[in-house]
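**Q** Sequence first, predicted model second:
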Amino acid sequence: MKTVAFRGPPLAIVAVGILMAALVLLRVSSGLAQEAGPTMLVDDLGVRTAVSGLTQPTSMAFIGRDDLLVLEKNTGKVKRVQLQRDDTGQIVGQTVTTALDLDVNSTGERGLLGIAVHPEFPANPGVYLYWTCRSTLPLDADPFQPEEQKCSDSTRSGTNGDVLGGGAGRFEAMLQVPLLGNQVDRFVWDGTKLAFDTNVVRLRAFLNDRTQPRPASAHAGGVLRFGPDGKLYVVIGDSLRRGQTQNLPMGWAPPDPDDQFGGPEPDNAHLTGVILRLNDDGTTPADNPFYSVGADIDGEAGSNIQKIYAYGIRNSFGMDFDPASGKLWAQENGDDAFDELNLVRPGTNSGWVQIMGPVSRIEQFKQIEVDGAPPDPRPNLLQALRWPPTNIADSPDEALSRLFVLSGSTYSDPELSWKYGLAPGGIGFVKGAGLGPQYQRDLFVGAAGADLEGGYLFHFNLTGNRRAIAVDDPRLEDRVADNSFKDDLTESESMLIGKDFGVGTDIQTGPDGNLYVVSLTDGAIYEIHRVTD
């Protein structure tokens, strides 16, 4: 059995098709939480632990001052955390209860992943969750067909059906998921618990086909955000698919289908690598960028195209809206080359699988993906046997000519990228002046760090028009950090503001104006606060 190792995004390190035991998960389950804790590298900001004792937290949402909901990836639990502070504002205690317990399939990058509270909360008590359910039916003799098409209502019952296994059982666990096992559901908060209300959207989860005949569980995305327009934005990664929304207009090997479910068009079984924009009830806004395009296409594909805000996305663990401009920003995880920060405009085509990083660097992109990245270079297959990196274009013009073009779509280079990946994770803008006016409306980005334990925290100013990253280092004038190998900080030094945060998967401004960083690996939420004389 031959496998090809590759670098995955911050939630796990996996092997193509097999997704061997994730180093992050092993570190947490063995209790090796980082003892020293994070530090800030500037004198005017400090950091302290706000919440501890969590199990692989992925994201959070405030429902009141010092009152928050936190998601645990593998347990499927939504924890309610109520903080107690003394008269000086120091946290002196926490009360933790379980608001909801879902039956998740948490293999690899699946699980309980994203949360967003309705913008009119608590008048509208809606709480939205992105999660991966487990299949409730036993596996049969055909490993290439899922046992269920969608999640059973019973998986919301809270019987803790986590199927993450080890050894040979890991393959079975990966397969124990419905075809549309990633879903966004709306729940209602009653002051103590979350109760299911309605399904918003169902998305592809099952990954096993004869062209890549081993199960996988990668690139589920999962971030949810409500925009200033009141719409719900949902990101799902490519899920290792190779179809139209991965910029292969005719699929991976025309005239063959994308997989055993058809394709390459984005019907329900192939809608991956996209950011969706939805009304709060899951219906499609008529002002979406491809609404009229989808109206001219029959069936599920046309309906799904109407939902798309952006496509050509490999995978993402971070989205947020600029409080000054209202524009959407997102990070995108590359493979070995060119992690990105992007201003996501309506109708964006982000370029994957044809392009990562500036299109002018296409030759570097191809060379790194074909040869592998130092310090441990090894050839890889872009995590899909069906479209190896030797297929990448040899020139910028050729790469651009290959993109799948929906009328009204636009491609633009990322606002910042790293030549060799640093595994960026959660991102968040500072909302308000709680950290001081010098940080107001600035962007903070978490990154995994060299050993998945260091955990970088980056700080960015935006330019006056809020359309680009402002830089002081002349080496970054091209908006590419030309580091020397994966996880190397060369040319990122001026952006570094904190370290030892672990794998940061969410960054939120609290009602008190402080910044909160969720650390998957440390099982904690850290509070960044202003230091005054």
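**A** Alright, I've got the coordinates.

**Q** Could you pull out the strands in the stretch 351-500 of the chain for me?
**A** For the stretch 351-500 of the chain, the strands defined by DSSP state E, counting those that start in this stretch cover 416-420, 424-429, 443-447, 456-462, 469-470, 480-481, 496-499.

**Q** Would you mind saying which of those lies nearest residue 204?
**A** strand 424-429 (22.4 Å; C-beta to C-beta). The way it works is simple: take the backbone N, C-alpha and C, and place the C-beta from them, glycine included.

**Q** and the closest one, which strands flank it?
**A** strand 443-447 (antiparallel) (DSSP bridges).

**Q** sorry, back to before: so which of the strands of the stretch 351-500 of the chain comes closest to residue 75?
**A** Closest to residue 75 of these is strand 424-429 (C-beta to C-beta; 19.4 Å).

**Q** which residues sit against the closest one?
**A** 9-10, 59, 317-323, 329-331, 333, 339, 341, 418, 441-448, 458, 503-509, 515, 517-518 (C-beta atoms under 8 Å, 6 or more residues apart in numbering).

**Q** and the angle from that strand to strand 416-420?
**A** Per axes from the mean of the first three to the mean of the last three C-alpha atoms, to 10 degrees, the angle that strand 424-429 makes with strand 416-420 is 160 degrees.

**Q** Please compute how far strand 424-429 lies from its chain's middle.
**A** Centroid separation between strand 424-429 and its chain, computed with C-alpha atoms, centre = their mean, to the nearest Å, is 10 Å.

**Q** between it and strand 456-462, how big is the angle?
**A** Using the same axes, to 10 degrees: strand 424-429 against strand 456-462 is 40 degrees.

**Q** Only alpha carbons, please: show strand 424-429 as PDB.
**A** The C-alpha trace of strand 424-429 is given here as PDB (Å, rounded to 0.1, in the frame of the first residue of the first chain):
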ATOM      1  CA  PRO A 424      -2.500  30.100   8.600                       C
ATOM      2  CA  GLY A 425      -5.700  29.400  10.600                       C
ATOM      3  CA  GLY A 426      -8.300  31.600  12.200                       C
ATOM      4  CA  ILE A 427      -8.400  35.300  11.300                       C
ATOM      5  CA  GLY A 428     -10.200  38.200  13.000                       C
ATOM      6  CA  PHE A 429     -10.400  42.000  12.700                       C
END
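
**Q** and that strand, what's its mean pLDDT?
**A** Average pLDDT, strand 424-429: 95.

**Q** which residues sit in contact with residue 435?
**A** Counted by C-beta under 8 Å, 6+ apart, residue 435 has contacts 45, 513-515, 528-530.

**Q** Surely residue 112 and residue 69 touch.
**A** No: in this structure residue 112 lies outside contact range of residue 69 using C-beta atoms under 8 Å: 11.1 Å.

**Q** Those two: which is more packed in?
**A** The neighbour comparison of residue 112 against residue 69 (other C-beta atoms under 10 Å) goes to residue 112, with 29 against 22.

**Q** For the stretch 151-300 of the chain, give me the ranges with low pLDDT.
**A** Low-confidence segments of the stretch 151-300 of the chain (pLDDT under 70): 159-168.

**Q** list the buried ones in stretch 137-147?
**A** In terms of neighbour count (16 or more other C-beta atoms under 10 Å), stretch 137-147 has its buried residues at 143, 146-147.

**Q** quick one: which of those is nearest residue 388?
**A** Taking the buried residues of stretch 137-147 together and measuring to residue 388 by C-beta to C-beta, the closest member is residue 143, at 23.4 Å.

**Q** The closest one - that's part of a strand, no?
**A** No: checked against DSSP: H, G, I helix; E, B strand; the rest coil, residue 143 lies outside a strand; its state is coil.

**Q** Next, residue 170: phi, psi?
**A** phi -60, psi -40 (degrees, to the nearest 10).

**Q** these two touch, right, it and residue 108?
**A** No: look at residue 170 against residue 108 with C-beta under 8 Å: they stay out of range, at 9.1 Å.

**Q** could you dump the buried residues of stretch 137-147 to CSV with distance to residue 487 and pLDDT?
**A** Converted to CSV, the buried residues of stretch 137-147 look like this (distance: C-beta to C-beta, whole Å; pLDDT from 0 to 100):
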residue, distance to residue 487, pLDDT
143, 35, 93
146, 36, 96
147, 39, 95
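
**Q** For residue 308, state which of the residues you listed is nearest.
**A** Once C-beta to C-beta is applied, the member of the buried residues of stretch 137-147 that ends up nearest residue 308 is residue 146, at 24.1 Å.

**Q** related to what we said a few turns ago, would TSV of the buried residues of stretch 137-147 with distance to residue 189 be doable?
**A** Formatted as TSV, these follow (distance: C-beta to C-beta, whole Å):
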residue	distance to residue 189
143	40
146	32
147	33
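
**Q** Pick the one among these closest to residue 348.
**A** Nearest to residue 348 among these, with distances taken as C-beta to C-beta, is residue 146, at 30.9 Å.

**Q** related to what we said a few turns ago, intersection of neighbour lists for residue 112 and residue 69?
**A** Joint contacts of residue 112 and residue 69 (C-beta under 8 Å, 6+ apart) are residue 78.

**Q** Can you list the residue ranges for strands in the stretch 201-350 of the chain?
**A** 224-226, 232-236, 274-278, 308-311, 318-321, 328-332, 337-344, 348-349.

**Q** And those strands: which comes nearest residue 90?
**A** The nearest among the strands of the stretch 201-350 of the chain, by C-beta to C-beta, is strand 318-321 at 27.6 Å.

**Q** Mind checking which residue lies nearest the centre of this structure?
**A** residue 317 (2.2 Å; C-alpha atoms, centre = their mean).

**Q** Look up the closest residue to that residue, ignoring the ones flanking it.
**A** Excluding its sequence neighbours, the residue lying closest to residue 317 (C-beta to C-beta, 6 or more residues apart in numbering) is residue 425, at 4.6 Å.
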